[in-house]
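Student: one predicted model, sequence on top.
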Amino acid sequence: MITPLKALRKNRFKTVLIFISMSVSICAIFLISAISGGVVGMFSSMLKTDGDIIVTQKGIADTFFSDINATLVKPISHMEGVKEVSALILGAAPVDALPIVGIYGVSEGRFKSYHLTHGHYPSRGEVLLGSKIDDTLKHPSSIILSKKTFHVSGVFKSRIGFEDGGVVMGLSDGGELFHKSASIILISLNDLSKSDSVKDQVQMLSADLEAKTTDSFIDSYNQFKIIKTSSDVIGAMAFLMGILGIVSMMSMVVNDRKGEFGIMRSIGLSSRVIILKLLSETLIVAVVAFFVAWGISEGVLELIEHADKFQGYINGEITTVLLIKVFMVSVVMALFGTFMPALYASRIDPMSLIQKDRA
Amino acid sequence: MKIIAKGLEHYYAHEHVLRGIDLNIEPGSFTAIVGESGSGKTTLLSILSTLLQPSSGEVLYDAKLLAQWGNIDLFRRRHIGFVFQFHYLISYLTLRENIALASLGEFQGEIDPLMERLGIDRLGRRYSDEVSGGERQRAAIARSLINHPSIVFADEPTGNLDTKNALGVYELFAEFSRQNTTFVVASHDKKITEFADTIIEMEDGIVKNIFTR
Ligand SMILES: Nc1ncnc2c1ncn2[C@@H]1O[C@H](COP(=O)(O)OP(=O)(O)O)[C@@H](O)[C@H]1O
Ligand SMILES: [Mg+2]
């Protein structure tokens, strides 16, 4: 362990460069994964709060476009195994000076899932504000939404950034605003084994409906797929950049240290030993870079979460699973990036030591 | 270890630098390869010491070809020590760590006695740029000797040393060769002939003379 540390210290300038390049790549991977995971996670937990099954219009690309009949709530609530059914309108509209804000029209039964910090649930012509947007608008007593004035009846706090930066109103007000009676219907079950039969029965109600478990809805939701794919692509690019950074720096390091590896070969250290020495050096750097990048990423996520500009829409969380994944990615990055230069080092001909002092 | 070289020839590109060399190196001898610069000393030494493949001819180590000894790294580590003109210690390791890096496990305990014998026992924790040229070369010699090699090869080991330190190095070689380590040393320094017991004189890629004391 002493030897790689000494070697790293001796070549400290390049060690620092490798460290920076790795940290930047790892940070990028952390941030893009955490943020995309956060966006997807927020929306899914919003849907999961009280929905085991989600009903939308058939074949729509986005829940915003979904238009279904809210009166379906009644027949569905009589189905066997169903605990609660609520209709939801999802929309977006300008509010006062804010260009775009999430608007949620919910049936009365769903109000209780919003934790009020003050005020009361809205009746017609009234809205609840998420604490974030309430702060941004400086605690207004009324807001203007699509040229209509709504009275603010209360403020709620939600862990889910989308909701905390959004406006909640009754289903009928939402319906008038967006010209539909519901976007989606959420069904919660008291018996999960009935999920298939409930799905079938819902789809019998109208050919225009599509019922999915919330989990499979989330998996197949296009917007999520786009977010995930782009984050995977950006993550892969960061990974490649990291590897390229290591390869080029390590090639320079090996070149600087040719004599050293020639000596090792001449005293009979095997190629394997030399490769392992170099790998252990970059692994040490990778582990340190990983922890530093973790710290920096947590800081950046904290900043983003509290930045007014994003209205809390963007919040990423570095989960244990993500930590483990990124750790493994860092290790793989170090190994891949070092292998070729190390192989080259391990094949340096000790003859070069003699040739150099050719008298 | 007895080394027999038969019909060694070597070309660099089209330059014919070794032109038919046959010689025997006896176990425990102190053999000096001398001759003008460019006569082929380094090339011959490189071939004898496994670092270079001759264009033709063969070298036998105790009657076996190198290939018959198996793993070349292990062969070098167990049987061969090298001393180069420039000390070639690893700069970020202390003198003692340099020796320890070469040492096989069973000889780790001999590092300190060996350093003491070479008069560098107080310098174990220094780095190579913190000691004199002579001390550095002694550390390199200690490194070459730590695994009790049968044979130590040195190319111009005193090329960077003043006369006093050079003589000290020759004395060490003579002393260890009396205890059965073989030394093969290429040098254009005439002084070495006073210490070596076998002198191979090279000229233009052939052996001109061999003297034995
Ligand atoms: N790597 C090489 N490539 C081409 N020519 C070389 C190389 N090494 C040595 N030579 C040439 O071979 C001849 C013998 O060199 P060398 O064995 O180093 O002699 P010495 O050690 O006696 O000075 C010289 O003419 C030298 O220029
Ligand atoms: Mg020479």
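Tutor: Structure received. Ligands and ions are numbered 1, 2, ... in the order given.

Student: so who does the residue in the stretch 201-350 of chain A that chain B sits nearest to touch?
Tutor: Of all residues in the stretch 201-350 of chain A, the one sitting closest to chain B is residue A:268 (2.7 Å; Cβ to the nearest Cβ). Placement of C-beta: from N, CA and C, glycine included. Neighbour list for residue A:268: B:73, B:74, B:75, B:76, B:77, B:78, B:80, B:102 [criterion: Cβ atoms under 8 Å, 6 or more residues apart in numbering or on different chains].

Student: any chance of these in JSON lines, with pLDDT too?
Tutor: Listed next are the contacts of residue A:268 as JSON lines, based on pLDDT from 0 to 100:
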{"residue": "B:73", "pLDDT": "85"}
{"residue": "B:74", "pLDDT": "86"}
{"residue": "B:75", "pLDDT": "89"}
{"residue": "B:76", "pLDDT": "87"}
{"residue": "B:77", "pLDDT": "85"}
{"residue": "B:78", "pLDDT": "87"}
{"residue": "B:80", "pLDDT": "90"}
{"residue": "B:102", "pLDDT": "90"}
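
Student: my guess is residue A:210 contacts residue A:55. True?
Tutor: Yes. Under the criterion of Cβ atoms under 8 Å, residue A:210 makes contact with residue A:55 at 7.1 Å.

Student: buried subset of the contacts of residue A:268, written for PyMOL?
Tutor: Of the contacts of residue A:268, the buried ones can be selected in PyMOL as follows, counting by 16 or more other Cβ atoms under 10 Å in any protein chain shown:
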select buried, chain B and resi 73+76+77+80+102
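
Student: count the neighbours of the residue nearest to residue B:84 when sequence neighbours are not counted for me.
Tutor: Distance criterion Cβ to Cβ, 6 or more residues apart in numbering or on different chains; nearest residue to residue B:84, sequence neighbours excluded, is residue A:353 at 5.3 Å. Neighbours of residue A:353 under the rule other Cβ atoms under 10 Å in any protein chain shown: 23.

Student: so which of the contacts of residue A:268 belong to strands?
Tutor: residue B:80 (DSSP state E).

Student: tell me who's in contact with residue B:210.
Tutor: B:23, B:198, B:199, B:200, B:201.

Student: now residue B:152: phi and psi?
Tutor: Phi and psi for residue B:152, reported as degrees, to the nearest 10, are phi -120, psi 130.

Student: please identify the helix or strand for residue A:345.
Tutor: helix A:320-346 (DSSP states H and E).

Student: so which bits of the host helix or strand of residue A:285 are buried?
Tutor: Using DSSP H and E, residue A:285 maps to helix A:271-306. Within helix A:271-306, the residues scored as buried using 16+ other Cβ under 10 Å are A:271, A:274-275, A:277-286, A:289-290, A:292-294, A:296-297, A:300-301, A:304-305.

Student: by how many degrees do it and helix A:320-346 diverge?
Tutor: 150 degrees (axes from the mean of the first three to the mean of the last three Cα atoms, to 10 degrees).

Student: from the contact counts, what lies against helix A:271-306?
Tutor: In terms of contacts (3 or more Cβ pairs under 8 Å, 6 or more residues apart in numbering or on different chains; DSSP states H and E), helix A:271-306 is packed against helix A:2-10, helix A:12-49, helix A:222-256, helix A:258-266, helix A:320-346.

Student: what's near enough to touch the closest residue to residue B:30 other than its chain neighbours?
Tutor: Counting by Cβ to Cβ, 6+ apart, residue B:30 lies nearest to residue B:177, which is 4.0 Å off, once chain neighbours are set aside. By Cβ under 8 Å, 6+ apart, the contact set of residue B:177 is B:28, B:29, B:30, B:183, B:197.

Student: between those residues, which has the most around it?
Tutor: residue B:183 (28 neighbours).

Student: residue B:30 is in contact with that residue, correct?
Tutor: Yes. Using Cβ under 8 Å, residue B:183 is in contact with residue B:30, at 4.7 Å.

Student: identify the contacts common to the two.
Tutor: Common contact partners of residue B:183 and residue B:30 (Cβ under 8 Å, 6+ apart): B:173, B:177, B:196.

Student: per-residue confidence for the second one?
Tutor: Translated: residue B:177. The score at residue B:177 is 91. That number is its pLDDT.

Student: roughly how far does it sit from ligand 2?
Tutor: For residue B:177, the distance to ligand 2 equals 21 Å [Cβ to the ion, to the nearest Å].

Student: what's the answer for residue A:241, then?
Tutor: 46 Å.

Student: over to residue A:267?
Tutor: For residue A:267, the distance to ligand 2 - Cβ to the ion - is 21 Å.

Student: show me the contacts for the nearest residue to that residue once chain neighbours are set aside.
Tutor: Among residues not flanking residue A:267 along the chain, residue B:102 sits closest, at 4.1 Å (Cβ to Cβ, 6+ apart). With contact taken as Cβ under 8 Å, 6+ apart, residue B:102 is in contact with A:267, A:268, A:269, B:77, B:143, B:144, B:146, B:147.
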